[in-house]
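1. Sequence and predicted structure are below.
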Amino acid sequence: MITPTYLKPGDTVVLIAPARSVSKIDIESFECWVSANGWELECAPNLFCTYHQFAGTDEQRCDDLAWALSHPTAKAIFTARGGYGSMRTLASLESKVVNLDQWLSKQTPKWFVGFSDMTTIHLWLNKNEWTSIHGPVATQWGQKHLWVKANVDGLQGVLMGQSTSLPVKREQVNSGKAFSGQLVGGNLSLLYAALGTPLQPNTVGKVLLIEDLDEYLYHIDRMLRSCKAAGLFEGIEALVVGSMIDMKDNATPFGRTPREMITEALGDFGFPMLFDVEIGHDQRNHAVKLGCDITFDLSNLTQQP
């Protein structure tokens with residue numbers, strides 16, 4: 001895997017919105033943070049465009065993604081928010097450059113930062129041997145909860161080449177096995193959407209991360225079982241389950257929590273599973289590197305520079 005250059009004061013970073021629209025007010029706190037770190041921020045040409053729910057048309061968003069990835073001096077690409085749109089953005093870019101992978105091979109690797117809908121872009125980058133960062137999106141700097149500073153401080157550390165450690169309690173672990181392997185994955189809905197496509201990740205021998213938000217419980221069960229049938233869990237080293245929050249149910253209860261569904265569907269594999277790891281849509285959102293090794297020593301998940 002190719003690890004981009006870690007950031008230092010004076011470096012240029014860019015901000016794009018591959019999915020939902022964003023306003024100038026939404027990113028004010030993020031801009032202040034970038035400035036405080038001594039980095040130079042450039043916003044994508046179409047960042048504040050709107051087209052229905054999207055941050056501009058598919059072509060405008062794909063132009064901004066191409067602009068960011070091919071930027072001659074930028075060291076990191078931040079994303080404004082999730083929602084839905086990255087699949088369309090990437091498809092538009094493919095129409096423009098014809099061969100996505102070949103085009104990417106000509107670009108200088110940069111840190112790509114985001115989560116949720118950004119999983120589609122992470123999958124593409126990781127497939128092409130770029131490591132990336134599953135972490136906060138720019139609109140989250142303006143949130144009003146106690147974990148905002150810890151989240152952005154953690155991301156800053158990752159971007160500057162520091163080691164990271166996530167504590168894991170005994171009740172979060174279904175197997176007392178230590179493990180180590182390359183971390184891949186992201187949002188379960190986007191992994192499910194990638195099944196059978198060139199973006200479906202090779203997970204053999206790797207640590208798979210899944211997390212999700214605001215889904216019906218039966219949707220979670222269906223996605224898990226479809227991913228299982230497609231071989232996504234075959235041969236993985238371990239499963240790390242991030243936040244699974246704000247789940248919905250029908251009038252007749254589904255009768256299973258996400259943890260129960262995962263254990264029921266995947267327990268026969270025998271690989272270690274960690275639950276409720278503080279990665280994803282909940283208030284505590286640790287930044288982790290996708291495409292890099294992650295190690296579990298029975299009490300902490302750690303990543304080295």
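-> Now that the structure is in, tell me what you want to look at.

2. Surely Glu211 forms part of a strand?
-> Yes - the assignment for Glu211 (DSSP: H, G, I helix; E, B strand; the rest coil) places it in a strand.

3. what pairs with it across the strands?
-> Beta-bridge partners for Glu211, by DSSP bridges, are Asn187.

4. do you know how far it is from Gly82?
-> 12 Å (C-beta to C-beta, to the nearest Å). Quick note: C-beta positions are derived from backbone N, CA and C, even for glycine.

5. Repeat that for Lys248.
-> 18 Å.

6. Which of these two has more residues huddled nearby?
-> Using other C-beta atoms under 10 Å, the more surrounded residue of Lys248 and Gly82 is Gly82, with 24 against 11.

7. And for the closest residue in space to the more buried one that isn't next to it in sequence, the neighbour number?
-> Leaving out its chain neighbours, the residue that sits closest to Gly82 by C-beta to C-beta, 6 or more residues apart in numbering is Ser116, at 3.2 Å. For Ser116, the count of nearby residues is 24 (other C-beta under 10 Å).

8. Read off the pLDDT value for Ser116.
-> Ser116 is assigned a predicted lDDT (pLDDT) of 98.

9. Can you tell me how far it is from Leu125?
-> Applying C-beta to C-beta, the value for Ser116 to Leu125 is 15 Å.

10. again with Val97
-> For Val97 relative to Leu125 (C-beta to C-beta), the value is 15 Å.

11. now Val240
-> 19 Å.

12. Likewise for Leu213?
-> Going from Leu213 to Leu125 by C-beta to C-beta gives 22 Å.

13. Neighbour count: these two, which is higher?
-> More neighbours surround Leu125 than the other of Leu213 and Leu125, with 23 against 18 (other C-beta under 10 Å).

14. State the distance from that one to Arg170.
-> 34 Å.

15. Where does the prediction get shaky in the stretch 51-200 of the chain?
-> Nowhere does the stretch 51-200 of the chain drop to pLDDT under 70.

16. quick one: the strands in it?
-> Along the stretch 51-200 of the chain, the stretches classed as strands by DSSP state E, counting those that start in this stretch are 74-79, 111-114, 132-134, 164-167, 179-187.

17. export those to TSV and tack on distance to Gln60 and mean neighbour count?
-> Below are those laid out as TSV (distance: least, C-beta to C-beta, whole Å; neighbours: other C-beta atoms under 10 Å):
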stretch	distance to Gln60	mean neighbour count
strand 74-79	15	25
strand 111-114	18	26
strand 132-134	23	27
strand 164-167	35	16
strand 179-187	24	23
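
18. closest to Pro253 out of these?
-> strand 179-187 (24.6 Å; C-beta to C-beta).

19. what domains does the record give for this structure?
-> As given by automatic domain parsing, the domain ranges for the chain are 12-159, 164-303.

20. Dump those domains into JSON lines; add distance to Met1 as well.
-> Below are the domains of the chain laid out as JSON lines (distance: least, C-beta to C-beta, whole Å):
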{"stretch": "domain 12-159", "distance to Met1": "5"}
{"stretch": "domain 164-303", "distance to Met1": "5"}
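
21. Pick the most deeply packed of those domains.
-> domain 12-159 (a mean of 20; mean count of other C-beta atoms under 10 Å).

22. What is the end-to-end distance of that domain?
-> 13 Å (C-alpha to C-alpha, to the nearest Å).

23. same deal with stretch 283-301?
-> 19 Å.

24. do the same with stretch 250-266
-> End-to-end for stretch 250-266, by C-alpha to C-alpha: 24 Å.

25. can you name the farthest residue from the center of this protein?
-> Residue farthest from the centre of the chain, counting by C-alpha atoms, centre = their mean, is Thr252 at 32.7 Å.
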